[in-house]
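Chemist: Sequence first, then the predicted structure, then my questions.
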Amino acid sequence: MSQLIALTDATFDEEVAAAAEPVLVDFWAEWCGPCKLISPVLDEIAEENKGRLRVAKVNVDDNLQTVRRFDVMSVPTLILFKDGVPQLRLVGAKGKAQLLQELSRHLQPEPSTPA
């Protein structure tokens with residue numbers, strides 16, 4: 001099951017600002033080949049980092065207000081938000097290892113498991 005959250009102009013602020021963990025937002029389009037390539041990678045990252053990172057998607061064709069607000073000029077664009085504030089912007093499709101490397105310093109620490 002996908003861990004990705006679909007955001008719209010109407011739900012963006014509520015979901016992103018209210019999140020306890022950082023939120024990686026994927027600005028994508030149905031017609032975008034590279035977007036389709038990184039979608040399963042983002043699914044994996046979301047699954048493997050539950051509790052440390054949330055991953056959300058914004059369809060650029062359906063949510064122009066949010067796209068303009070964050071100056072998204074090309075897709076895919078990934079923006080990492082912490083407390084509702086953009087912290088990191090990545091443009092273009094990247095492999096999982098490279099994405100995780102760029103995100104690592106922004107992730108919450110691993111939740112410790114009680115002994």
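Modeler: Sure thing, it's come through.

Chemist: which residues touch the nearest residue to A19 once chain neighbours are set aside?
Modeler: Excluding the flanking residues, the one nearest A19 by CB to CB, 6 or more residues apart in numbering is R54, at 5.4 Å. Where you see a C-beta, it was placed from the backbone N, CA and C, and this is true even at glycine. Shown in contact with R54 (CB atoms under 8 Å, 6 or more residues apart in numbering): Q3, I5, A19, E21, P22, V23, L24, A46.

Chemist: ranking those by neighbours, who comes first?
Modeler: Greatest neighbour count in the contacts of R54, by other CB atoms under 10 Å, goes to L24: 26 neighbours.

Chemist: Now do the strands in the protein.
Modeler: Under the criterion DSSP state E, the chain contains strands at 5-7, 23-28, 54-59, 77-82, 85-91.

Chemist: Mean neighbour count, these: which tops it?
Modeler: With neighbours taken as mean count of other CB atoms under 10 Å, those reach their highest mean count in strand 23-28, at a mean of 24.

Chemist: Name every strand pairing with that one and say which way it goes.
Modeler: According to DSSP bridges, strand 23-28 forms sheet pairs with strand 54-59 (parallel), strand 77-82 (antiparallel).
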